[in-house]
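A.B. asks: Generate a structure from the sequence data that follows.
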Amino acid sequence: MTGPVTVSERDLRTLLGIVRDDRGDLPPDGVPVSLLAELTDQIPCDNVSLVSQDPYRQEIWFAQDLPDDCDDGDYMPAFWEHFWDCDPCAYGHRSGDLRSVTKVSDFCSARQLHSTAMYCDVARPLGIEHHLKAWLPAGPGQIVTLTFFRGPGPDFSERDRALLALMRPHLHQAYLDAQRRRRDTGRLTPRQRELLGLVAAGHTNAQIGRRLGLSEGTVRKHLENIYSRLQVSSRTAAVTRAFPELTAR
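C.D. replies: Here you go, the predicted structure:
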């Protein structure tokens, strides 16, 4: 049974400072890198990753890593192959529980972990033994995961878990604020927002064209311009970026 965890007033003030909204280093996706850096000061780790993914389509919308020299692209086919069999990876998607902060050890012992295909094919080659994960809603079928990784050595503590649990709603708001700021800098015209609203409602290009009195080709051109303004490459990503308040669960 886990004992009581103490978080000091100093800890709380530090955490509130981390999620301030006046950071200037806004990246094309995710949250300011300086925010991630300050988080690692509070929760020591080998690296931290913020990833938006849709495992149903086996798509990564974006990935932020700190340090940013992590190259796990060669392992992605194996990662997707084993994803749904890996409880620590699939928990949030399978259960719908996006409030818990989870550790690998919540689901299996080290011995059990070392016998899994995900560990043998992905985690071990990347030097991963422990992770601490927060789940943030981001859109239909889409969850942003904030994960702290460690190699061999001590697991994350219950204090680490408590700090991340306290931070989770603020981090979610920081992510939505970053999305809003990006949307403001790449503001859509009223016509573009109207068209994208129809996309969000599930209409096809042909249906949108009939609704707005446009040819299907003109609708496609409008969408291309929208993608360019929002710096995305798909309908779902455009809707998620333009209307985060609608797509967040």
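
A.B. asks: give me the low-pLDDT residue ranges for the chain?
C.D. replies: The model of the chain has pLDDT under 70 over residues 1-3, 20-22, 70-73, 139-141, 183-186, 244-249.

A.B. asks: residue closest to the middle of it?
C.D. replies: Nearest to the geometric centre of the chain sits Val144, at 2.0 Å (Cα atoms, centre = their mean).

A.B. asks: Which secondary structure state does that one sit in?
C.D. replies: Val144 falls in the strand class when you classify it by DSSP: H, G, I helix; E, B strand; the rest coil.

A.B. asks: For Trp61, see how far away it is.
C.D. replies: To Trp61, Val144 is 9 Å away according to Cβ to Cβ, to the nearest Å. Backbone N, C-alpha and C define where each C-beta goes, glycine included.

A.B. asks: Now do the shared contacts for those two.
C.D. replies: Common contacts of Val144 and Trp61 (Cβ atoms under 8 Å, 6 or more residues apart in numbering): Ser52.

A.B. asks: Identify each buried residue in the helix or strand where Val239 lies, please.
C.D. replies: For Val239, the host element (DSSP states H and E) is helix 235-242. Neighbour counts over helix 235-242 (16 or more other Cβ atoms under 10 Å) mark 236-242 as buried.

A.B. asks: so, if you compare the residues you listed, which one comes nearest to Ala37?
C.D. replies: Using Cβ to Cβ, Arg241 is the member of these that lies nearest Ala37, at 24.1 Å.

A.B. asks: Now the phi/psi pair for the residue nearest to the closest one when sequence neighbours are not counted, please.
C.D. replies: Nearest residue to Arg241, sequence neighbours excluded (Cβ to Cβ, 6 or more residues apart in numbering): Leu230, at 4.9 Å. Here is the backbone geometry of Leu230 (degrees, to the nearest 10): phi -90, psi -10.

A.B. asks: Am I right that Leu230 is in contact with Ala242?
C.D. replies: Yes: between Leu230 and Ala242 there is a contact under Cβ atoms under 8 Å: 6.3 Å.

A.B. asks: if we can go back for a sec, distance of the residue nearest to Arg241 relative to Tyr75?
C.D. replies: 29 Å.

A.B. asks: for Leu188, same thing?
C.D. replies: Taking Cβ to Cβ, one finds Leu188 at 37 Å from Tyr75.

A.B. asks: higher neighbour count, those two?
C.D. replies: Leu188 (18 against 15; other Cβ atoms under 10 Å).

A.B. asks: Which parts of the protein are strands?
C.D. replies: 47-54, 59-66, 101-103, 130-139, 142-150 (DSSP state E).

A.B. asks: what pairs with the shortest one, and is each one parallel or antiparallel?
C.D. replies: Sheet pairing of strand 101-103 (DSSP bridges) gives strand 130-139 (antiparallel).

A.B. asks: Likewise for the second one?
C.D. replies: Using DSSP bridges, the strands paired with strand 59-66 in its sheet are strand 47-54 (antiparallel).

A.B. asks: Distance check, the residue of the chain most remote from its centre against Leu50.
C.D. replies: Using Cα atoms, centre = their mean, the residue of the chain lying farthest from its centre is Gly213. It sits 37.3 Å away. Going from Gly213 to Leu50 by Cβ to Cβ gives 42 Å.
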